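> Just the structure for this:
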Amino acid sequence: MLYKKIGDPYEQTEYIRSISPLFHAEKINKPLIVLQGANDPRVLQVESDDIVEKVKENGVPVEYIIFEDEGHGFTKRENQIKGYRAIREFLDTYL
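As a prediction, the model looks like this:
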């Protein structure tokens with residue numbers, strides 16, 4: 001597969017839409033877990049909200065955890081523990 005560098009979203013709209021999970025969410029048919037930092041400057045919470053909503057429309061189980069006091073990556077120990085625990089429980093449930 002050949003990868004293209006992503007740049008200007010106005011000039012590369014078609015390419016970006018072609019690789020965005022949001023625009024292919026109807027194909028997601030397995031359980032999904034999303035961990036989101038509410039203050040993430042790279043992956044905005046609204047983007048995670050959108051994919052979670054679209055996948056739920058497929059009738060797919062989705063677990064969505066928002067860390068109100070985190071950004072991109074979880075630095076607070078209690079959030080790391082909560083996140084890893086949620087991932088373990090999710091995997092125990094669905095694998």
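> switch to C-alpha atoms for all contacts and neighbour counts from now on
Noted.
> Could you say which helix or strand holds Leu35?
For Leu35, the host element (DSSP states H and E) is strand 32-37.
> Can you spell out which helices and strands pack onto that strand?
helix 45-57, strand 62-67, helix 77-94 (3 or more CA pairs under 8 Å, 6 or more residues apart in numbering; DSSP states H and E).
> Next, format these as a markdown table and append distance to Gly37.
Formatted as a markdown table, the helices and strands packed on strand 32-37 follow (distance: least, CA to CA, whole Å):
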| stretch | distance to Gly37 |
| --- | --- |
| helix 45-57 | 7 |
| strand 62-67 | 5 |
| helix 77-94 | 10 |
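> Adding mean pLDDT, write those out as JSON lines.
Shown next, in JSON lines, are those (pLDDT from 0 to 100):
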{"stretch": "helix 45-57", "mean pLDDT": "97"}
{"stretch": "strand 62-67", "mean pLDDT": "98"}
{"stretch": "helix 77-94", "mean pLDDT": "98"}
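> quick one, which of those is nearest to Pro31?
Closest to Pro31 of the helices and strands packed on strand 32-37 is strand 62-67 (CA to CA; 5.8 Å).
> the inter-axis angle of that closest one versus strand 32-37?
Between strand 62-67 and strand 32-37, the angle comes out at 10 degrees (axes from the mean of the first three to the mean of the last three CA atoms, to 10 degrees).
> ok, and for strand 62-67, which residues are buried?
62, 66-67 (16 or more other CA atoms under 10 Å).
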